[in-house]
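**Student:** Structure of the sequence below:
(one chain, ligands or ions: 2)
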Amino acid sequence: MYELFADLHVHIGRSQNNKPIKITAAKSLQFANIAKECVNKKGIQVVGIIDCASPYVQEDIENFLANGEAYEILDGGIIYQNEVCIFLGSEIETSELNENGKIGSAHNLCFFPRLADIKEFSREMSKYIKNITLSSQRANISAYTLIDIVEKYNGILIPAHCFTPHKSFYGNCTSRLERIFKEKFEHIYAIELGLSADTNLADKISELEGKTFLTNSDAHSLPKIAREYNKIQMADVSFKEFLKALKREDGRKVLCNYGLDPKLGKYHRTYCEVCEKNILGKAPVTKCDTCESKNITVGVYDRIEIIKDKKQTISPNDRPPYIYQIPLTFIPGLGEKTINKLLNVFKNEMNILHKATFDDIESVVGEKIAKNIINAREGKVKITEGGGGVYGKISSN
Ligand SMILES: [Zn+2]
Ligand SMILES: [Zn+2]
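**Tutor:** Ligands and ions are numbered 1, 2, ... in the order given. This is a model prediction of the structure:
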């Protein structure tokens, strides 16, 4: 068995010929660049690129394969330099009738084994989506229907950043996934926790006990790749093996989730849109403690308090550990220049965050920054919680 690091949610900003794909993402996020970044800087061996339903991206993939830089494997996935396996995915926004009779939107990660599969999927989805060339577009169907289309082309569906307030199932569609997927709920093998949640919070909902948790970066720029990732045990690198790991078959499984302390996420706490501040009272917060307004953006922390059906967190026995990591960009005193200095010595961010010793780091960037990195690793930092679309912050003591 191999132990592999996987980040399954990376966007594309522009296609190679400069067509916009995800408008809010960096231009340098292109198919080939992502593969290179994973190999050269991130230590990621499995990457899910989530804008591959765009015909412009498909053209890039075809060129990437045609010039011999990468090849597709029979069991699904594209191998680049024998170092990284790329899964082709598409993030689709579905429309769901929520419990108040209103229409909510949820994001779904759909992954396919082969380029031919996602091309067919894309063709069919263009019936429901106005502009199939762009990322994360809204389809006028429910995920209950979407999952059939995904499976028709050999794919799987994973609810994305499951608890965030604007575009997720628990955030604005439902308090139970089973109400959305009904008898197809058993076809949901995994959910993505999102940056503002962790295992401890998600295991307050009993319908998730049989589901694998994934921690992915949702990167909108190259440096943000692997700010969250998974360690997965597989016998080989392929889509087929990945699927087994999600189902926890034959010893394949997620061994560990690495992610932000959810307090650092953009939507951890509830935010008052009138006072423009986080409401930090006892969860669940339902209105502003200052102006009493109900014009609030409900944070993941409060939302889970509202919908949970367990008093305390009880994780199933086979739930892997969730290890907090604070990405270098969150650590005080670390600009791009210093980060590059560290990367030159330690090869990738994972080594710096989890392995390098204080002395090794100090010899490259000095005592103060070395201390900050080790304190972040050991959880000895103060965190100001995030909310309302603003990340949390850490202070150096
Ligand atoms: Zn999304
Ligand atoms: Zn207020």
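
**Student:** All the strands of the stretch 251-397 of the chain, in order from the start?
**Tutor:** 253-259, 271-272, 277-278, 296-297, 322-324, 382-384, 393-395 (DSSP state E, counting those that start in this stretch).

**Student:** what does the last one contact?
**Tutor:** Counting contacts by C-beta atoms under 8 Å, 6 or more residues apart in numbering, the residues outside strand 393-395 that touch it are 264, 326, 330-332, 376, 381-384, 386. Backbone N, C-alpha and C define where each C-beta goes, glycine included.

**Student:** can you check the fourth one too?
**Tutor:** When contacts are defined by C-beta under 8 Å, 6+ apart, strand 296-297 is touched by residues 165-166, 267, 270-273, 279, 285-288, 387-389.

**Student:** Just the buried ones among the residues you listed, please.
**Tutor:** The neighbour count (16 or more other C-beta atoms under 10 Å) marks 165, 267, 270-272, 279, 285, 288, 387-388 as buried among the contacts of strand 296-297.

**Student:** overlap between these and the residues near ligand 2?
**Tutor:** 272, 288 (C-beta under 5 Å from the ion).

**Student:** Just name the most buried of the strands of the stretch 251-397 of the chain.
**Tutor:** strand 271-272 (a mean of 24; mean count of other C-beta atoms under 10 Å).

**Student:** now for that one, which elements pack on it?
**Tutor:** strand 277-278, strand 296-297 (3 or more C-beta pairs under 8 Å, 6 or more residues apart in numbering; DSSP states H and E).

**Student:** try it again with 7 Å
**Tutor:** strand 296-297 (3 or more C-beta pairs under 7 Å, 6 or more residues apart in numbering; DSSP states H and E).

**Student:** Show me the domain layout of this structure.
**Tutor:** For the chain, automatic domain parsing gives the domain ranges 2-262, 329-380.

**Student:** Report the buried residues of stretch 13-24.
**Tutor:** 13-16, 20-22.

**Student:** Which among the domains of the chain is found nearest to ligand 1?
**Tutor:** domain 2-262 (3.6 Å; C-beta to the ion).

**Student:** is ligand 1 contacted by that closest one?
**Tutor:** Yes - using C-beta under 5 Å from the ion, we find that domain 2-262 touches ligand 1 at 107, 160.

**Student:** can you tell me which residues contact Arg114?
**Tutor:** 72, 76 (C-beta atoms under 7 Å, 6 or more residues apart in numbering).

**Student:** Considering the strands of the stretch 251-397 of the chain, which stretch scores lowest in mean pLDDT?
**Tutor:** Among these, strand 393-395 carries the lowest mean pLDDT, a mean of 87.

**Student:** partners of that strand, with directions?
**Tutor:** Sheet partners assigned to strand 393-395 using DSSP bridges are listed as strand 382-384 (antiparallel).

**Student:** So which residues make contact with the strand it pairs with?
**Tutor:** 261, 263-264, 392-395.

**Student:** Strands along the stretch 51-200 of the chain, start to end?
**Tutor:** 70-72, 78-80, 84-97, 103-112, 156-159, 190-192.

**Student:** Report the helix or strand with the lowest average pLDDT across the chain.
**Tutor:** strand 393-395 (a mean of 87; mean pLDDT, DSSP states H and E).

**Student:** Now compare the buried residues of stretch 13-24 and name the two farthest from each other.
**Tutor:** Gln16 and Lys22 (14.7 Å; C-beta to C-beta).

**Student:** Sketch out the low-pLDDT regions of the stretch 251-397 of the chain for me.
**Tutor:** With pLDDT under 70 as the threshold, the stretch 251-397 of the chain has low-confidence stretches at 396-397.

**Student:** And for the stretch 101-250 of the chain?
**Tutor:** Using pLDDT under 70, nothing in the stretch 101-250 of the chain is flagged.

**Student:** Which positions in this protein make contact with ligand 2?
**Tutor:** Residues of the chain lying near ligand 2 (C-beta under 5 Å from the ion): 272, 274-275, 288, 290-291, 293.

**Student:** hmm, try it at 8 Å
**Tutor:** By C-beta under 8 Å from the ion, the residues of the chain that approach ligand 2 are 272-275, 277, 279, 288-293, 295-296.

**Student:** any chance of the residues you listed in a markdown table, plus distance to Ser126?
**Tutor:** Shown next, in a markdown table, are the residues of the chain next to ligand 2 (distance: C-beta to C-beta, whole Å):
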| residue | distance to Ser126 |
| --- | --- |
| Cys272 | 40 |
| Glu273 | 36 |
| Val274 | 41 |
| Cys275 | 43 |
| Lys277 | 43 |
| Ile279 | 42 |
| Cys288 | 43 |
| Asp289 | 47 |
| Thr290 | 47 |
| Cys291 | 45 |
| Glu292 | 46 |
| Ser293 | 41 |
| Asn295 | 37 |
| Ile296 | 37 |
